[in-house]
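[1] Please find the sequence and the predicted model below.
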Amino acid sequence: MVKRALPRRFYDRDALDVAPELLNKLLVANGVSARLVEVEAYRGHDDPGAHSFRGQTPRNATMFGKPGLLYVYFSYGMHWCANAVCGPGTTPHAVLLRAAAPVAGLETMRARRTKARRDVDLCRGPGSLGQAFGFDRSFDGADLTRGSVCIVDDGVPPPVSPGVSPRVGLAVGKGDERAYRFFVRGDPHLSRAGSAPRSNPRRPS
DNA sequence: ACCGGGATGTTCT
DNA sequence: GAACATCCCGGTG
C-alpha cells in the first residue's frame, strides 16, 4: 500500500464534495498524525458562516488561494483551527478539520495537549486538533500536496454513509441551518456525539 | 449529563 | 464595543 498525499485535483472542487471524502484520510504534520473523523464545509461567497462571505481580508487570504493549501486561523483568542482550501479554482471554499483519531506521535500530542485527560480527547474539536498538531500562524498557507504538512490516502475508504448535520458553533442566521457537517458515525473521537450539535448559546433575545 | 461563565485577542462594525 | 467556525472548569441534578 503506497501512501501518497492527496493531489491538487482532489481539492479543486466544491467543499461540499470534498468534505465527506476527507473522512478517514490521514492528516500528517509536525511529528504527529491522526485520522479525520469530523469535518465541515464552508462555501465562499454564498455561505454566511464562511470567513470568506464578506470578501478577502488579511486573515482569510489563504482561502482565496489555490486548492490544496492549509488555511489556519486564530479563534477566540486562543485556538488555532485548520482548514483544507478547496475550489473549484480560486473559489474560496474550505473544509474545517474538526476532529480526528490519533494514529502516531501520541506522546507528542499529549505533551502539547496538557489539559487532555484521555487520548480520545487529543484531537477532539478544531481547537484541540490544532493544539495537538502544534499549528500556529506559520502553518497558514502550507501546501498540503507538496510539503511535510499533508493529508494522505492510506487506503481506508470514507464511510459509505457518513453522518450529516448542521455545523457547530454558528450563530442563528449565519448558516447554522445548513447540513454541512460530515462525520464518521459512532466514532468515539467526535467533538460531539452524533447529529445533534449543542444548541447555540448566542440566540437572539 | 447538562449548563453557565471565563479565558483571551483578532477582526469587524 | 461586539462578535467570534472554542475549550475547560465548576456547579447542579
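    Yes, it's here. Numbering: from 1, shown residues only, chains lettered A, B, ... in the order given.

[2] The residue nearest the centre of chain A pairs with what?
    Nearest residue to the geometric centre of chain A (CA atoms, centre = their mean): A:Leu97, 1.2 Å. Per DSSP bridges, the residues bridged to A:Leu97 are A:Val39.

[3] residues contacting it?
    For A:Leu97, the contact set (CB atoms under 8 Å, 6 or more residues apart in numbering) comprises A:22, A:27, A:36, A:39, A:81-84, A:126, A:129. All C-beta spots, glycine's among them, are computed from the backbone N, C-alpha and C.

[4] can you list the residues of chain A near DNA strand B?
    A:54, A:57-60, A:74-78, A:198, A:201 (CB under 7 Å from any atom of the strand).

[5] contacts with DNA strand C among the residues you listed, please.
    Checking the residues of chain A next to DNA strand B against DNA strand C (CB under 7 Å from any atom of the strand), the matches are A:75-78.

[6] pLDDT for these - can I get that in a markdown table?
    As requested, those are arranged in a markdown table below (pLDDT from 0 to 100):
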| residue | pLDDT |
| --- | --- |
| A:Ser75 | 96 |
| A:Tyr76 | 95 |
| A:Gly77 | 94 |
| A:Met78 | 95 |
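
[7] looking at the residues you listed, which has the most residues close by?
    In terms of neighbours by other CB atoms under 10 Å, these top out with A:Ser75 at 13 neighbours.
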